[in-house]
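**Q** Provide a 3D model corresponding to the input given below.
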Amino acid sequence: MNTKSDSESVRRTIREGFSQIAQSGSERRQSSCCSGMKALDANQLARRIGYADEELSALPDGANIGLSCGNPSVLAGLQPGEVLLDLGSGAGFDAFIAGPKVGSSGRVIGVDMTPEMLMKARQNVASYRERTGLDNLEFRLGEIEHLPVADNSVDVVMSNCVLNLSTDKPQVWREIFRVLKPGGRVAVSDLALLQPLPAGVLQMDEALLGCVAGAALVSETERMARQAGLVRLRLNPKPGYVNALMEGGDPLYLKIAKELPPGTRPADFITSLEVQAWKP
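**A** So this is what the prediction gives:
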């Protein structure tokens with residue numbers, strides 16, 4: 001079990017890493033998930049995981065910096081008038097896509113712990129308003145383990161490749177349950193493990209910001225969500241994301257492959273995972 005000191009060290013590493021990503025933007029194509037791809041640019045990656053061209057073309061400049069591992073806005077089935085909370089909203093990629101879906105009577109709240117990411121997202125709100133005519137977005141500074149959001153106040157909690165970064169995932173799931181209205185739902189895309197990774201992979205510095213070292217087993221993800229009180233869980237592994245990274249020559253995944261037992265590949269261990277759940 002991580003000590004408080006260990007957890008703070010990990011959180012600091014993550015914050016510093018994402019601060020650098022926010023400042024360097026999508027030109028920083030070094031490795032996967034939380035740090036982009038080598039052979040595919042941010043929009044190519046987004047198309048591979050289900051985002052439409054019209055969604056991508058309408059985004060404010062710099063909102064897509066290649067940090068996605070799925071498309072939770074489609075999973076969420078957003079409706080006009082709903083209040084959506086985006087955990088780890090980054091530069092605002094999914095929030096800006098979700099805004100028109102909830103419309104003028106709805107609201108999107110993005111929460112991120114990295115001030116530089118928050119600044120990047122907030123700088124693009126004006127262009128979003130001008131393009132859509134909507135004033136329904138806000139971005140708050142905060143940690144996903146301690147959300148700056150009232151109890152029973154949101155219809156949907158969404159997250160894209162962020163929960164794996166938390167050092168206290170059970171607390172994140174409890175917070176998700178707390179902020180959801182009764183009957184509210186969860187739509188999460190995250191990296192998860194189909195089986196434990198070799199120690200050599202977990203010890204890689206780049207595997208933490210690459211969303212791998214902190215990933216939980218699929219079974220653990222289900223257990224944590226149920227223990228938080230969520231029901232009607234649906235977990236859908238999506239191996240195409242990891243395969244796309246390997247095909248794209250992603251440096252982290254090529255390095256991971258060298259640490260795996262003979263005859264195995266990263267997709268045998270790591271998957272993009274869609275999680276749907278509801279609050280009773």
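**Q** which helices and strands sit right next to the longest strand anywhere in the chain?
**A** The strand that spans the most residues within the chain, counting by DSSP state E, is strand 180-193. Where contact means 3 or more Cβ pairs under 8 Å, 6 or more residues apart in numbering; DSSP states H and E, strand 180-193 is packed against helix 72-76, strand 154-160, helix 218-228, strand 270-278. C-beta: built from backbone N, CA, C; applies to glycine.
**Q** sheet partners, orientation included, of the next helix or strand after the shortest one?
**A** Scanning forward in sequence from helix 72-76, with DSSP states H and E defining helices and strands, the next element found is strand 83-87. Here strand 83-87 has these sheet partners by DSSP bridges: strand 107-112 (parallel), strand 154-160 (parallel).
**Q** out of the ones you listed, which is closest to I256?
**A** I256 lies closest, by Cβ to Cβ, to one member of the strands paired with strand 83-87: strand 154-160, at 21.1 Å.
**Q** so how far is the closest one from its chain's centroid?
**A** Mean-position distance between strand 154-160 and its chain equals 11 Å (Cα atoms, centre = their mean, to the nearest Å).
**Q** what ranges do the helices span in the chain?
**A** Taking DSSP state H as the criterion, the chain contains helices spanning 4-24, 42-48, 53-57, 72-76, 93-102, 115-123, 125-132, 169-179, 199-202, 205-209, 218-228, 240-247, 251-259.
**Q** got JSON lines for these, with mean pLDDT and distance to I144 too?
**A** Shown next, in JSON lines, are the helices of the chain (pLDDT from 0 to 100; distance: least, Cβ to Cβ, whole Å):
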{"stretch": "helix 4-24", "mean pLDDT": "71", "distance to I144": "11"}
{"stretch": "helix 42-48", "mean pLDDT": "81", "distance to I144": "22"}
{"stretch": "helix 53-57", "mean pLDDT": "87", "distance to I144": "24"}
{"stretch": "helix 72-76", "mean pLDDT": "92", "distance to I144": "14"}
{"stretch": "helix 93-102", "mean pLDDT": "96", "distance to I144": "14"}
{"stretch": "helix 115-123", "mean pLDDT": "93", "distance to I144": "13"}
{"stretch": "helix 125-132", "mean pLDDT": "95", "distance to I144": "21"}
{"stretch": "helix 169-179", "mean pLDDT": "98", "distance to I144": "5"}
{"stretch": "helix 199-202", "mean pLDDT": "89", "distance to I144": "22"}
{"stretch": "helix 205-209", "mean pLDDT": "75", "distance to I144": "16"}
{"stretch": "helix 218-228", "mean pLDDT": "98", "distance to I144": "13"}
{"stretch": "helix 240-247", "mean pLDDT": "87", "distance to I144": "21"}
{"stretch": "helix 251-259", "mean pLDDT": "91", "distance to I144": "23"}
